[in-house]
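S.K.: Quick one, what's the 3D model for this:
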Amino acid sequence: MDTTILHIRAIMFLLSCMFLPLFAQILPVPVAVPDRHSIQGLQLTPIGAFRAYRPDRPGIPAHLHTGIDIRRPTPNYLDEPIFPIASGRVISVREDGPFAQIIIEHYFPEWGQIWSVYEHVAGILCTPGDSVHPAMPIARFMNRHELQQYGYQFDHVHLEVLKRPPKPVYPTPELPRHYFTSYSLICYNDQQLLYYYINPIQLFARLDHSQQPQRDQERALQNLSQKHNPLFLSEGENE
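M.R.: Take a look at the predicted model:
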């Protein structure tokens, strides 16, 4: 066989391996929309886009938003569930009111390890060491009593996807199951942000396997954010 053809086939094989993760694995969204394998029903808060600029406030420097803030999908203020985006193992649980957090470690043959982070959650149903899967609720959105106590600005779930291992921390008597934390307040530029994080919307949008026409899919993306929003930029892209 012509060596040129062999070289072309080898290159095509390598390219297919590079892009396989974008299409081979279907990741469901972490909230109870009608179709969790579509972004049709997913809504973000007005300032909940990935890479959105967050100005400084007392004790917290200005930084880039490291995840997405997903709105409560229904009027359920009693037990609106939150699910993991993939099967995995819980490695850290933090329970301290509005900053309650769950970190889950995942492994994919195509991608290797990634870590998902769920913050501003309540009613946590898992503990470090637990195996979880996407059909299993791990927590819920805050109820009205909790929102009245902490503020309605926490009426969402903050989702992050890490491509680097989360940072180990020492548990304390107040937070005995808190073993890891993310890098949410130390990403000050694109280079730092994209070193640690994956844009979660890319996992859902590029893997959208629903049967809606293409124009409906595009409309759904536009409903999440305005055109050219940095939410959809990936590593190496610029505004």
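S.K.: For Arg71, grab the count of nearby residues.
M.R.: 16 (other CB atoms under 10 Å). C-beta here means a position set from N, CA and C on the backbone, and glycine is covered the same way.
S.K.: Hmm, Leu44 and it touching each other?
M.R.: Yes: assessed by CB atoms under 8 Å, Arg71 is found in contact with Leu44 at 6.6 Å.
S.K.: Hmm, His120 and Arg140 touching each other?
M.R.: No: contact criterion CB under 8 Å: Arg140 and His120 do not qualify, at 11.0 Å.
S.K.: any idea of the mean pLDDT for the host helix or strand of Gln148?
M.R.: If you go by DSSP states H and E, Gln148 is part of helix 144-150. Across helix 144-150, the average pLDDT comes to 98.
S.K.: Same check on stretch 60-79?
M.R.: pLDDT averaged over stretch 60-79 gives 96.
S.K.: elements contacting the helix holding Gln148?
M.R.: The helices and strands touching helix 144-150, judged by 3 or more CB pairs under 8 Å, 6 or more residues apart in numbering; DSSP states H and E, number zero.
S.K.: List the buried residues for it?
M.R.: Glu146, Leu147, Tyr150 (16 or more other CB atoms under 10 Å).
S.K.: Next up, the contacts around the nearest residue to the second one once chain neighbours are set aside.
M.R.: Excluding the flanking residues, the one nearest Leu147 by CB to CB, 6 or more residues apart in numbering is Asp155, at 5.7 Å. Applying CB atoms under 8 Å, 6 or more residues apart in numbering to Asp155 gives the contacts Arg71, Arg72, Phe141, Met142, Leu147.
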